[in-house]
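[1] model the following, please.
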Amino acid sequence: MAKRLDVGALLGAAVSDSNPMQVHDIPLAKIDENEDNRYDQRNIDELAESIQVVGLQQPLVVQANGERYLLIAGHRRRNALALLGRKTAPCIVLAADLDPSRRTLILHWTNTLARGGAGLTSEGTFEAAKEIKEALLDLKQRGVLELPGKLRAYVADVLKVSEAAIARADAINAHLSKPWKGDYKKGSIKDSVAYELSQCSEELQRELYDLYKGDFWQLDAKDVKAHKKAAAAGFAPLKCPEETYGVEPCVGIDKRAAAVKHGVCPGCCHDCDKADGCEWVCGRVSRKNRTRAEAEEQEAKRRKENDDFEASTLGKLRRQLQERLAAYGVHSARDLSNVVFCDWIWTDNPAAYYSDLSLSDLLKITDQIGIDLQELLFGNPVGAPLRELAQGMEQAVAAPPQVNVNSHVCVTGLSRYGVCGAAQCCDEPYACCIACSKDCNGRCGWLPKATPQPAPVWHPYPAEQPDEGHVVLVCNDSGLYDALLYRGGKWYLPKFPNAHPVTVRAKFWSDTLPPTGITSP
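    Residues are numbered from 1 along each chain as shown. A predicted model of the protein is given here:
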């Protein structure tokens, strides 16, 4: 192990014999910056605040240079004092004839001592180590210093870094290619990345530079190692062929190497049709296969839910609603003049299928298109909407269409032969029984099935109240509907008649209830 270098003794010996090591106040205006200083000048504001609170803990080190002084150590302290508006600074003055080698050692030793070893990049560490090494060799050759052991240990001691850090800095300087070194000096890549790149061949460095050019921020030391391993294996691509954002190195090379050697693996999992379930598959392809399998499972589940719904009573009712609304020119919620949140009628989302059908939506729709709820839900047994049937009846009464001299057209659309059978045995001057008030044996038998049911009669609440214990259709003050049980002046859910009453501000009620399975939100 190398003996610890006593740079402090060199500092004491460097002080002018005529001017013993004392601290002198020197005007800042007479202190010149040292162009050889490589240490960063960051956090000057924080240092100035510290000096203002606790004072300057270490004097500056300067070298006499005629009537002026060259700053050897304390560049950040000098700038902090200037920021505080100080005119002078306490300084230790080195001899004017101090030889360059001693000055170099003192410059680096005092700066690293003040920073605890921080303040230099790998590039700066290499340059500083080179200067220190030359200075130590010069002092050793002149007999000023004895340096037993490795010279690198003394250099590391002066810079307050490990010998490994010195070795990494030497490797970067010696082996990092010119293009990479240019971007390294700009700070585009980290020290760790620069070192790993310096361990790669010149050809691999060139390929990686072209691969990452413009996106150096993506590259880290781990990626460089992976690329290096892929290049050494020979069977793996330098870049993963999977379409991803940015560059991804090939991974899992070690576990596939033996299989590739025995000819049972193509090398890249993306080119293998047996990758699914393979014990050597890389993580990316494994995740891709797993994601695809999960997507296929979800799609199969969705299709089954769709099929189950379409086969259910609720699905049949939904299709009937779509067909009947289409007969009135309503194919989606966009075809309605006013906004109605009824996308559940046309949605393809299985999650919306099993939500309760909204009675409120249906009543708003029927109000907009001018029909009653029964017509929308049940229509005509042969498929014709009741509104069209009613219009046809009105036209028949107004102008009876003749089929022949003995019969009229069946306006209900239910007659198998398309003609009115009642007209053949009736002497009344009407085209349809709907216009006749007589109760006779020859009256049309289709009318009870085809005639629309009367619209519900709404009673104002609480002016009029339903019978005790009856379930009625309730409209609240927000225009929403629900089937509720009335008892003792309160409303209850029909399914839970003995539970607590529900809070509803009823405005109207009707004895006409919606069909079973239709509920309001």
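
[2] would you map the helices across the stretch 201-350 of the chain?
    Under the criterion DSSP state H, counting those that start in this stretch, the stretch 201-350 of the chain contains helices at 202-212, 221-233, 253-261, 283-311, 313-327, 350-353.

[3] quick one, which of those helices is nearest to Leu60?
    Each of those has some distance to Leu60 by CB to CB; the shortest is helix 221-233, at 38.2 Å. In this view, the C-beta of every residue, glycine as well, is placed from N, C-alpha and C.

[4] what's the most buried one of the helices of the stretch 201-350 of the chain?
    Among the helices of the stretch 201-350 of the chain, ranked by average contacts under mean count of other CB atoms under 10 Å, first place goes to helix 221-233 (a mean of 18).

[5] picking up where we left off before, mean pLDDT added to the helices of the stretch 201-350 of the chain, as TSV?
    Converted to TSV, those look like this (pLDDT from 0 to 100):
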stretch	mean pLDDT
helix 202-212	89
helix 221-233	84
helix 253-261	70
helix 283-311	82
helix 313-327	81
helix 350-353	58
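
[6] and of these, who's closest to Ala169?
    Closest approach to Ala169 among the helices of the stretch 201-350 of the chain (CB to CB): helix 221-233, 15.3 Å.

[7] with adjacent residues omitted, what lies nearest to Trp280?
    Arg256 (4.6 Å; CB to CB, 6 or more residues apart in numbering).

[8] CSV for the helices of the stretch 201-350 of the chain, including distance to Ala128?
    Output for these, formatted as CSV (distance: least, CB to CB, whole Å):
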stretch, distance to Ala128
helix 202-212, 25
helix 221-233, 23
helix 253-261, 38
helix 283-311, 42
helix 313-327, 79
helix 350-353, 66
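
[9] in which helix or strand would I find Val61?
    strand 60-65 (DSSP states H and E).

[10] relative to His175, how far out is Ile26?
    45 Å (CB to CB, to the nearest Å).

[11] out of the helices of the stretch 201-350 of the chain, nearest to Ile132?
    Here helix 221-233 is closest among those (CB to CB), at 26.6 Å.

[12] packing partners of the closest one?
    helix 191-198, helix 202-212, helix 253-261 (3 or more CB pairs under 8 Å, 6 or more residues apart in numbering; DSSP states H and E).

[13] just send these back as a markdown table, with distance to Lys181 too.
    Output for those, formatted as a markdown table (distance: least, CB to CB, whole Å):
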| stretch | distance to Lys181 |
| --- | --- |
| helix 191-198 | 8 |
| helix 202-212 | 10 |
| helix 253-261 | 28 |
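
[14] Val472: which of those is closest?
    Closest to Val472 of the helices and strands packed on helix 221-233 is helix 253-261 (CB to CB; 72.7 Å).

[15] give me phi/psi at the residue in the chain sticking out farthest from the centre?
    Outermost residue of the chain with respect to the C-alpha centroid, by CA atoms, centre = their mean, is Asp427; its distance is 79.8 Å. Dihedral pair for Asp427: phi -100, psi 0, per degrees, to the nearest 10.

[16] distance of it from Gly442?
    10 Å.

[17] next: Ala89.
    Distance of Ala89 to Gly442, given as CB to CB: 126 Å.

[18] of the two, which one has the most company?
    Shown here are Ala89 and Gly442; by other CB atoms under 10 Å, Ala89 has more neighbours (25 against 15).

[19] show me what the host helix or strand of that one is packed up against.
    Using DSSP H and E, the element containing Ala89 is strand 88-94. Here strand 88-94 touches helix 7-14, strand 23-27, strand 60-65, strand 68-73, helix 75-83, going by 3+ CB pairs under 8 Å, 6+ apart.

[20] the strands in this structure, which residues?
    Counting by DSSP state E, the chain has strands at residues 23-27, 31-32, 60-65, 68-73, 88-94, 459-460, 471-476, 481-487, 490-492, 506-510.

[21] dihedrals phi and psi, the nearest residue to Leu139 once chain neighbours are set aside?
    Computed as CB to CB, 6+ apart, the closest residue to Leu139 that is not its neighbour in sequence is Leu145, at 4.4 Å. Main-chain torsions, Leu145, degrees, to the nearest 10: phi -130, psi 150.

[22] how close does Leu145 get to Ile132?
    Counting by CB to CB, the gap from Leu145 to Ile132 is 12 Å.

[23] more neighbours: these two, which one.
    Remark: of Leu145 and Ile132, Ile132 carries more neighbours, 25 against 21, as counted by other CB under 10 Å.

[24] list the buried ones in stretch 466-478?
    Neighbour counts using 16 or more other CB atoms under 10 Å place Pro466, Val471, Val472, Leu473, Val474, Cys475, Asn476 of stretch 466-478 among the buried residues.

[25] of all these, which two lie farthest apart?
    Val471 and Asn476 (16.0 Å).

[26] that older thread, ok, which of the helices of the stretch 201-350 of the chain comes nearest Leu98?
    Across the helices of the stretch 201-350 of the chain, Leu98 has its closest neighbour in helix 221-233 (41.3 Å, CB to CB).

[27] which stretch among the strands of the chain comes nearest Ala226?
    strand 68-73 (42.9 Å).

[28] buried residues, the closest one. List them.
    Residues of strand 68-73 classed as buried: Tyr69, Leu70, Leu71, Ile72, Ala73 (neighbour count, 16+ other CB under 10 Å).

[29] and stretch 61-70, how far out from the chain middle?
    Relative to its chain's centre, stretch 61-70 lies at 60 Å (CA atoms, centre = their mean, to the nearest Å).

[30] ok, His108 - how many residues close by?
    By other CB under 10 Å, the residues close to His108 number 27.

[31] right, and it touches Leu159 too?
    Yes. Counting by CB atoms under 8 Å, His108 does reach Leu159; the two are 6.3 Å apart.

[32] now the common contact residues for the two.
    Ala128, Ile132 (CB atoms under 8 Å, 6 or more residues apart in numbering).

[33] Tyr481: how many residues sit nearby?
    Using other CB under 10 Å, Tyr481 has 24 other residues around it.

[34] identify the bridge partners of it.
    When bridges are called by DSSP bridges, Tyr481 pairs up with Cys475.
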